[in-house]
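Asker: Here is my input, please return the structure:
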Amino acid sequence: MRILVSDYSGHPFQVQLSRSLALRGHTVLHVASASFQTPKGRLDATDQDSPNFSTVNLKNKRPFAKSGLVRRYFQEIEMGKLIGKQIADFRPDIVISSNAPLDTQRIIQLATRKTGAKFVFWIQDVYSEAIHSILSRRLGLVGAFVGAHYRRLEARLLRRAHHVVAIAPEFVPLITALAGIEPDKVTVIPNWAPLGEIGTFERDNEWVRENLPDTRFRAVYSGTLGFKHDPDLLYLLATQIDGDVVVFSEGEAADQLKQRAKENGVTNLLVRGWLPFEELPKALAGADVLIVVLEPDAGAFSVPSKVLTYLCVGRPILGSILPQNLAAQIITEAEAGETFAPGDRKSFIAAATSLAENPARIAQMGTNARAYAETAFDIEKITERFEQVITIL
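Answerer: Have a look, this model is predicted:
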């Protein structure tokens, strides 16, 4: 079967699925946006990959305008057209599309219908709810009007999909209510991380020795960092712990955080660029604790891919996340760390300080994190689930 997997973000686990499907005999084209600013997985095909597997990394004509709403809208349309051309040229039997903004997803779905292929909407979050919330707060009635448009658009895209893959069972009633579809049109397949590509390493491994200063305690944040992710929390943490805070990120918020640390002499706050995926496991293994911050507007079932990667690394996770969020529930139930509501900086910093004085607790939480990943992230079983979806279409 010819399968095109479109993952707008270029995350590690989606491309692992594409590789796994190719190993099972399918001809797979994996398409991602190289312009969207976020850490990427192994998006280039290598000699070790199946000959049935290929990739295309698409770029906008201009640098991606993440914070400019109007320019971003037109760039999302542009990317949709680029992906649509790949669909037209590849002529797939199935298109699986994940992480695409709704305007991009609309064009991808239309291109799929034109080729006669089946369309699987792999939904990571109910985007229209976040859009409605943010725009209503920023723009009042105008924002609410625009948000209502995106609710209708997302509902229509879900209805027109041949099947929907959701990342948690709690999604199902939300999706069915929004789109007016039957529950049997939705299959739940939780997200994962590519466990086989994320090995466990010593804290003071060779990468850490060559790239980071020695310290008694190290807290690490890796991934997208916007102003909505409360970068002030990372700055405050650095001022109050006996150790280093290391941030692997890029963009305006990361640049301002780096400048603020420099201007105020906070030498234990280190802001570095994103790392190639192959270096990431060793860099994260250098942490005593890994940090995740999820904005309050994020959907209750949104799980940042960094959380799944952190679990594989086998280090405790300290999260600034609403307690009802699925990521927070995973961390808590796995006993792999602690989470606190966004804005509760005092408790967050106190927890980090406490962990710095309790290496045995750090070790146990890290062990729990890796154990959860080894149980939940079996790519063979996950690929079988996707093949079951494909065969019923």
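Asker: switch to C-alpha atoms for all contacts and neighbour counts from now on
Answerer: OK.
Asker: What about Leu82, how many residues nearby?
Answerer: Taking other CA atoms under 10 Å as the criterion, the count of residues near Leu82 is 19.
Asker: quick check: mean pLDDT across the helix or strand that contains it?
Answerer: Element membership for Leu82, per DSSP states H and E: helix 69-90. Averaging pLDDT along helix 69-90 yields 93.
Asker: Beyond it, next helix or strand please.
Answerer: Per DSSP H and E, the helix or strand that comes after helix 69-90 is strand 94-98.
Asker: hmm, back to that, how about the helix holding Leu82, which residues are buried there?
Answerer: If you call a residue buried by 16 or more other CA atoms under 10 Å, then helix 69-90 has these buried ones: 75-84, 86-87.
Asker: sec struct for Lys262, please.
Answerer: Judged by DSSP: H, G, I helix; E, B strand; the rest coil, the three-state class of Lys262 is helix.
Asker: Tell me the pLDDT of Ile131.
Answerer: Predicted confidence (pLDDT) for Ile131: 73.
Asker: what about Ile3, helix or strand, and which?
Answerer: Residue-wise, Ile3 maps onto strand 2-7 under DSSP H and E.
Asker: what's the offset of that strand from the middle of its chain?
Answerer: 18 Å (CA atoms, centre = their mean, to the nearest Å).
Asker: Equivalent analysis for stretch 62-77, please.
Answerer: Put simply, stretch 62-77 sits 19 Å off its chain's centre (CA atoms, centre = their mean).
Asker: Show me the contact partners of it.
Answerer: If you take CA atoms under 8 Å, 6 or more residues apart in numbering as the criterion, stretch 62-77 is touched by 35-37, 60, 101, 103-104, 107.
Asker: Inside helices: which ones of those residues?
Answerer: Of the contacts of stretch 62-77, the ones assigned to helices by DSSP state H are 103-104, 107.
Asker: Rebuild the residues you listed as a markdown table, extending it with neighbour count.
Answerer: Converted to a markdown table, the ones in helices among the contacts of stretch 62-77 look like this (neighbours: other CA atoms under 10 Å):
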| residue | neighbour count |
| --- | --- |
| Asp103 | 19 |
| Thr104 | 23 |
| Ile107 | 20 |
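Asker: wait, which of those residues is closest to Pro316?
Answerer: Thr104 (35.9 Å; CA to CA).
Asker: who's in contact with the closest one?
Answerer: Here Thr104 is in contact with 76-77, 79-81 (CA under 8 Å, 6+ apart).
Asker: hang on, the earlier thing: can you list the helices and strands that the next helix or strand after the strand holding Ile3 packs against?
Answerer: Under the assignment DSSP H and E, the closest C-terminal helix or strand after strand 2-7 is helix 12-23. Counting contacts by 3 or more CA pairs under 8 Å, 6 or more residues apart in numbering; DSSP states H and E, helix 12-23 is packed against strand 2-7, strand 27-33, strand 53-58, helix 379-391.
Asker: In a markdown table, list the ones you listed along with distance to Gly343.
Answerer: Formatted as a markdown table, those follow (distance: least, CA to CA, whole Å):
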| stretch | distance to Gly343 |
| --- | --- |
| strand 2-7 | 32 |
| strand 27-33 | 32 |
| strand 53-58 | 37 |
| helix 379-391 | 36 |
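Asker: To Val266, which of the ones you listed lies closest?
Answerer: Here strand 27-33 is closest among the helices and strands packed on helix 12-23 (CA to CA), at 35.3 Å.
Asker: quick one: average confidence on the closest one?
Answerer: 97.
Asker: List the pairing partners of that strand within its sheet, with orientation.
Answerer: Note on strand 27-33: by DSSP bridges, its sheet partners are strand 2-7 (parallel), strand 53-58 (parallel).
Asker: Most tightly packed of the ones you listed?
Answerer: strand 2-7 (a mean of 24; mean count of other CA atoms under 10 Å).
Asker: List the residues that contact the residue nearest the centre of the chain.
Answerer: Centroid-nearest residue in the chain: Ser305, 3.3 Å away (criterion: CA atoms, centre = their mean). Residues in contact with Ser305, defined by CA under 8 Å, 6+ apart, are 11, 192-193.
Asker: Would you mark the buried spots in stretch 126-133?
Answerer: Buried residues in stretch 126-133 (16+ other CA under 10 Å): 126-132.
Asker: Show me how far it is from its chain's centre.
Answerer: Centroid separation between stretch 126-133 and its chain, computed with CA atoms, centre = their mean, is 17 Å.
Asker: low-confidence ranges in the stretch 251-393 of the chain?
Answerer: The stretch 251-393 of the chain contains residues with pLDDT under 70 at 297-302.
Asker: what are the ranges of the strands in it?
Answerer: 269-272, 289-293, 317-320, 337-340 (DSSP state E, counting those that start in this stretch).
Asker: Show me how this structure divides into domains.
Answerer: 2-192+378-391, 195-376 (automatic domain parsing).
Asker: and the first one, how far apart are its ends?
Answerer: So that's domain 2-192+378-391. 13 Å (CA to CA, to the nearest Å).
Asker: what's the offset of it from the middle of its chain?
Answerer: 13 Å.
Asker: Ok, the shortest one next?
Answerer: Centroid separation for domain 195-376 versus its chain: 14 Å, with CA atoms, centre = their mean.
Asker: all helices for the stretch 251-393 of the chain, in order.
Answerer: Assigned by DSSP state H, counting those that start in this stretch, the helices in the stretch 251-393 of the chain fall at 252-263, 280-285, 305-313, 326-333, 345-356, 359-376, 379-391.
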